[in-house]
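Asks: Pasting the sequence and the predicted model now:
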Amino acid sequence: MRRDGTNPEDVQPEDVLCDFCGQAAWVEEQPCIEGHHGSIICGGCLTLAWTVVQIDKAGGAQQACTMCLEERDEPGWQGASTEAHICKRCIKQAAGALHKSVDWSWSKPQA
């Protein structure tokens, strides 16, 4: 998702917003994972998604995933302020990537 008024010929990292909260920008201070077509999920939204799907074993109905563009037969998570949806597989992949990253101190929430 891009900030309103973004010049498509000169997109800056701060113009790219989390598809799930619409708030967090893709800047050095904020852990983010990129999906297809420039979609991103911020660390805060990933924490919420992980908690709902992996810990609470809840999640919404299947929809096309904003991150991988695939529709899967598994629970997923939808951002509260947007219509973006992330599948369980992408939640697990994004969590693994952020957890292993030396650039971020993000860790998977525990039950």
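Replies: Received the coordinates, thanks.

Asks: What segments of the protein are strands?
Replies: Assigned by DSSP state E, the strands in the chain fall at 32-34, 40-42, 76-78, 85-87.

Asks: now for the ones you listed, which one comes closest to A94?
Replies: With C-beta to C-beta, the closest approach to A94 among these belongs to strand 32-34: 4.1 Å. Every residue, glycine included, has its C-beta placed from N, CA and C.

Asks: elements contacting the closest one?
Replies: strand 40-42, helix 88-100 (3 or more C-beta pairs under 8 Å, 6 or more residues apart in numbering; DSSP states H and E).

Asks: Compare the ones you listed and report which one is nearest to K57.
Replies: Short answer: helix 88-100, nearest of the helices and strands packed on strand 32-34 by C-beta to C-beta, at 10.4 Å.

Asks: Would you mind listing the buried residues in that closest one?
Replies: Judged by neighbour count (16 or more other C-beta atoms under 10 Å), helix 88-100 contains these buried residues: 88, 90-91, 93-95, 98.

Asks: Looking at pLDDT only, which of those residues scores worst?
Replies: In terms of pLDDT, the lowest of the buried residues of helix 88-100 is L98, showing 88.

Asks: Take the buried residues of helix 88-100 and lay them out in a markdown table including distance to E14.
Replies: Listed next are these as a markdown table, based on distance: C-beta to C-beta, whole Å:
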| residue | distance to E14 |
| --- | --- |
| K88 | 30 |
| C90 | 24 |
| I91 | 25 |
| Q93 | 25 |
| A94 | 21 |
| A95 | 24 |
| L98 | 20 |
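
Asks: Lovely, talk soon.
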